[in-house]
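**Student:** Below are the sequence and a predicted model; questions follow.
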Amino acid sequence: MSKQATGTADPALDIRADMAVRGLRMEAPVSRRKGAGPSDDGHLVVDGRNAAIPLNPDSPYTVRDGRAYKGRRDLGIAVEPVRRPAFYDLTTADGVPYRHIALLHGRDVLATTVVQTCIRYVEDQRCRFCTIEESLNAGATVAAKTPAQLAEVAEAAVRLDGVKQMVMTTGTTKGPDRGARNLVRSVAAVLGAVPGLPIQVQIEPPADLGVLTELKEAGATSIGIHVETLDDDVRRKWMPGKSTVPLSEYEAAWDQAVRVFGWNRVSTYLLVGLGEDPDELVEGARGLIERGVYPFVVPMRPMLGTLARRDGATAPPPRLVADITGRVAAHLRAAGMTGTGQEAGCAACGACGVLSTVGG
């Protein structure tokens, strides 16, 4: 029997992986429906950890009295929706709703897409799991956030809602920095308003690797350089535009980022469900760990508005998610590498995957 069909020997991991794919039958006041990246879910706290889980009316999982149930069985898992933050009710000095500038992810992470457009968003170039421009088209955000706006919102989110870290990503731009210098200015402005706030920046590999030092000197704590898969055939299928950046450029950027930011201050997404061989995915994750890069393993769940959803793609089998997550977590534990060690960013939050369930 293949690993894909066996599940794991860890019941807690199996349940959380199943829930991550099949969702929960509940309401959540904080959720994300569209934007950059592969996840759109309700934001919850599950057994004390951030969790982004699909809100699915057909899920076999329900929540009663703050606990998760499958049918009548109490699973012994505490579930609490993240409360709507107070900063969502405010407007910037120049008249933009704060929630159009940045959103709460999990219970304590402020996230923003600094530039909400991407040169790769035309259909034949677009990443099939991404809806970065859909929230802009829906009027739920603005095309470009200014450093002053980001600083204003971050200060309020920390003061009013106890935000403890921030994530700044960007659509890819035409210049050799691929949008990174917008983040340099944004990080500096936010830290001018909220000194000491841990911030992760997320970019494609820049042609000019010197910008990585500029990001660090501006005050960024960690960096995400997201490849999503290490299989070139899968890259071409799922990310036709982004796959034109060769893996060698990712490797050079990761290595330089580790030199600049430090061991376990660099991360990358690896998506489960794109068709990559599971053993090769795990081996690729092991190689990233050896480089000092945290591989954030996440199930690909097609969002409304994605090309994947339009074309009938579905989330991966929960057993596959559990198997890969468990094996990658074992490599992370052996290396002493944790998501919380990143201090800021997707791996530090951990909500979109289940690695934190098994010590990853």
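**Tutor:** Ah, there it is. All of these numbers come straight from a predicted model, not from anything done at the bench.

**Student:** and Leu332, that one's in a strand?
**Tutor:** No - looking at Leu332 with DSSP: H, G, I helix; E, B strand; the rest coil, it is helix, so not inside a strand.

**Student:** tally of neighbours for the nearest residue to it once chain neighbours are set aside?
**Tutor:** What sits nearest to Leu332 in space, not counting adjacent residues and going by C-beta to C-beta, 6 or more residues apart in numbering, is Gly360, at 4.4 Å. Placement of C-beta: from N, CA and C, glycine included. Neighbour count of Gly360, defined by other C-beta atoms under 10 Å: 25.

**Student:** what kind of secondary structure is Asp14 in?
**Tutor:** Of the three states, Asp14 takes helix according to three-state DSSP.

**Student:** Let me see the contact set for it.
**Tutor:** Gly7, Thr8, Pro318, Arg319, Ala322 (C-beta atoms under 8 Å, 6 or more residues apart in numbering).

**Student:** how about these, which pair is most distant?
**Tutor:** The largest separation in those, counting by C-beta to C-beta, is between Thr8 and Pro318 at 10.5 Å.

**Student:** so Leu209 touches Tyr250, yeah?
**Tutor:** No - shown here, Leu209 and Tyr250 do not form a contact pair, counting by C-beta atoms under 8 Å, at 11.7 Å.

**Student:** Which strands or helices does the helix or strand where Thr62 lies pack on?
**Tutor:** Assessed by DSSP states H and E, Thr62 sits inside strand 61-64. In terms of contacts (3 or more C-beta pairs under 8 Å, 6 or more residues apart in numbering; DSSP states H and E), strand 61-64 is packed against helix 11-22, strand 67-70.

**Student:** can you pull the buried residues of it?
**Tutor:** For strand 61-64, burial by neighbour count (16 or more other C-beta atoms under 10 Å) applies to Tyr61, Val63.

**Student:** Poorly predicted segments of the protein, please.
**Tutor:** 1-7, 32-40 (pLDDT under 70).

**Student:** what sits in contact with each of Leu209 and Tyr250?
**Tutor:** Contacts common to Leu209 and Tyr250, judged by C-beta under 8 Å, 6+ apart, are absent.

**Student:** and the strand or helix carrying Tyr250, what does it pack onto?
**Tutor:** Using DSSP H and E, Tyr250 falls within helix 247-261. Secondary-structure packing of helix 247-261 (3+ C-beta pairs under 8 Å, 6+ apart): helix 210-218, strand 222-224, strand 266-272, helix 278-291, strand 293-299.

**Student:** Check the offset of that helix from the chain's centre.
**Tutor:** Relative to the chain's own centre, helix 247-261 is displaced by 19 Å; criterion: C-alpha atoms, centre = their mean, to the nearest Å.

**Student:** can you pull the buried residues of it?
**Tutor:** Within helix 247-261, the residues that qualify as buried are Glu249, Tyr250, Glu251, Ala253, Trp254, Gln256, Ala257, Val258, Val260, Phe261, counting by 16+ other C-beta under 10 Å.
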